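Undergrad: Sequence first, then the predicted structure, then my questions.
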Amino acid sequence: MSDIHIMKCKICGDASKSLSKEQVLGKHFTNLYECQSCNFIFMDPIYWLDEAYQRPITALDLGYVERNLRSADFVEQLLAPLPPSLLFVDYGGGTGMFVRMMRDRGFRFHIVEPYTETTFANNCEANVDRFGRYGALTAIEVFEHLPNPIASFKEMLTFSSAILFTTELYPNSRPAFGTWWYSGLEHGQHVSFHSEKSLEALGRQFGLKYKRLSSNWHLIAPADHALMNSPTKWGVSKWRRRVTKLSHKVKFLFSKPKRRPSLLQEDYRLMRQAFRSGTPEHTHLDHIWEEG
Ligand SMILES: [Zn+2]
């Protein structure tokens, strides 16, 4: 292993100092660096990813289903005020569970997933040439997996200028890295760890604004994007949070939350027809949305 102790930050390009040496998957040694300007934390070198992704979803990811349920609730609330004609895309969508859940809630979501079988989101691949740019892109638990964060972010921006995503930020209490539950040293899939500053720096490079929406939900988008004005529970006082919580409970008691009609029946009818005409693999769930 090299003895270089200064590296260029993968986000802002400033000097990053080595923070610690870590052991990944119980056997691969690497250095952990932290940028002195934006506090982005990253590993270098990274040489174990083939092994780490033998199973696309690590057996340690016990939160997979719970996360999809919570994410669907959160994103549904956030996107509800946007026009129903907008299409959305989930980047690194894995099994496609989130995309299916969002379609079941009436949002036309497509998927980008080059690595695994998209079991629950067939026939809704994202395609900018065909559908135009998307209203927003979601990336749930993706950013911490990216060995080349700028290149991947650029790719996300080809789909949409509004990037709505989850990733955990390294706590201010700064626990020893290996003891932090999110370090992922046991499965080796987490290699990039953001701070508010690094996400701000990332957005700035592309002329975009960063907004923290909750402890682990973030938004990078143009300053005038509709989502930038969405109410956030982050940054308000405990007292105000309590009042908001209470008023939500009262609202819930007296009014049914407005829900969009599910796309499930429509999607099913279309796919049934496609199977009958022998063209299921050439069918796209949103073909009627095609421009031109
Ligand atoms: Zn930096």
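TA: Right, received. Where do you want to start? Numbers count the residues shown, from 1 in each chain.
Undergrad: So, low pLDDT: which residues of the stretch 1-150 of the chain?
TA: 1-4 (pLDDT under 70).
Undergrad: what do you get if the cut-off is 50, keeping everything else the same?
TA: Within the stretch 1-150 of the chain, the segments meeting pLDDT under 50 span 1.
Undergrad: Spell out which parts of it neighbour the ion.
TA: 9, 11-12, 14, 35, 37-38, 40 (C-beta under 5 Å from the ion). From N, CA and C alone the C-beta is placed, and that goes for glycine too.
Undergrad: Tell me where the stretch 51-200 of the chain has helices.
TA: Ranges of helices in the stretch 51-200 of the chain, per DSSP state H, counting those that start in this stretch, are 64-79, 97-104, 128-131, 149-157, 196-205.
Undergrad: could you list every residue that touches the nearest residue to M101 once chain neighbours are set aside?
TA: Leaving aside its chain neighbours, M101 sits nearest to A72 (4.2 Å; criterion: C-beta to C-beta, 6 or more residues apart in numbering). By C-beta atoms under 8 Å, 6 or more residues apart in numbering, A72 lies in contact with 98, 101-102, 105.
Undergrad: Which one of these is nearest to L202?
TA: Comparing the contacts of A72 against L202 with C-beta to C-beta places F98 closest, at 22.6 Å.
Undergrad: Nearest to V24, out of the helices of the stretch 51-200 of the chain?
TA: helix 149-157 (18.0 Å).
Undergrad: And M97, how far from Q23?
TA: Between M97 and Q23 the computed distance is 32 Å (C-beta to C-beta, to the nearest Å).
Undergrad: of those two, who's got more company?
TA: For the pair M97 and Q23, the greater number of neighbours falls to M97 (21 against 11), based on other C-beta atoms under 10 Å.
Undergrad: quick one: that one and N68 touch, right?
TA: Yes: in this structure, M97 is within contact of N68 by C-beta atoms under 8 Å, at 4.9 Å.
Undergrad: remind me, longest strand of the chain?
TA: Ordering each strand of the chain by length in residues (DSSP state E) puts strand 15-24 first.
Undergrad: How far does it sit from its chain's centre?
TA: Distance, stretch centre to chain centre, for strand 15-24: 25 Å (C-alpha atoms, centre = their mean, to the nearest Å).
Undergrad: by how many degrees do the following helix or strand past it and helix 196-205 diverge?
TA: Next along the chain after strand 15-24, taking DSSP states H and E as the criterion, comes strand 28-35. Comparing the axes of strand 28-35 and helix 196-205 via axes from the mean of the first three to the mean of the last three C-alpha atoms, to 10 degrees yields an angle of 70 degrees.
Undergrad: Packing partners of whichever helix or strand comes after strand 28-35?
TA: Moving toward the C-terminus from strand 28-35, the next helix or strand (DSSP H and E) is strand 41-44. Under the contact definition 3 or more C-beta pairs under 8 Å, 6 or more residues apart in numbering; DSSP states H and E, strand 41-44 sits against strand 15-24, strand 28-35, strand 192-193.
Undergrad: Direction included, what does the last one pair up with?
TA: Each strand paired with strand 192-193, and its direction, by DSSP bridges: strand 41-44 (antiparallel).
Undergrad: Which residues does the strand it pairs with contact?
TA: With contacts defined as C-beta under 8 Å, 6+ apart, strand 41-44 is touched by 7, 9-10, 16, 19, 22, 24, 30-35, 170, 177, 191-195.
Undergrad: and that strand, how far from the chain's centre?
TA: Between the centre of strand 41-44 and the centre of its chain there are 20 Å (C-alpha atoms, centre = their mean).
Undergrad: now stretch 157-167
TA: In this view, stretch 157-167 has its centroid 8 Å away from the chain centroid, taken as C-alpha atoms, centre = their mean.
Undergrad: For that stretch, give the mean pLDDT please.
TA: The pLDDT scores in stretch 157-167 average 98.
Undergrad: Just the terminal-to-terminal distance for that stretch.
TA: 18 Å (C-alpha to C-alpha, to the nearest Å).
Undergrad: Can you list the buried residues in that stretch?
TA: For stretch 157-167, burial by neighbour count (16 or more other C-beta atoms under 10 Å) applies to 157, 159-167.
Undergrad: In strands, which of the residues you listed appear?
TA: Going by DSSP E, the strands hold 163-166 from the buried residues of stretch 157-167.
Undergrad: Just send these back as TSV, with distance to L227 too.
TA: Formatted as TSV, those follow (distance: C-beta to C-beta, whole Å):
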residue	distance to L227
I163	10
L164	7
F165	12
T166	15
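Undergrad: Now flag whichever of these is closest to N229.
TA: Using C-beta to C-beta, L164 is the member of those that lies nearest N229, at 13.7 Å.
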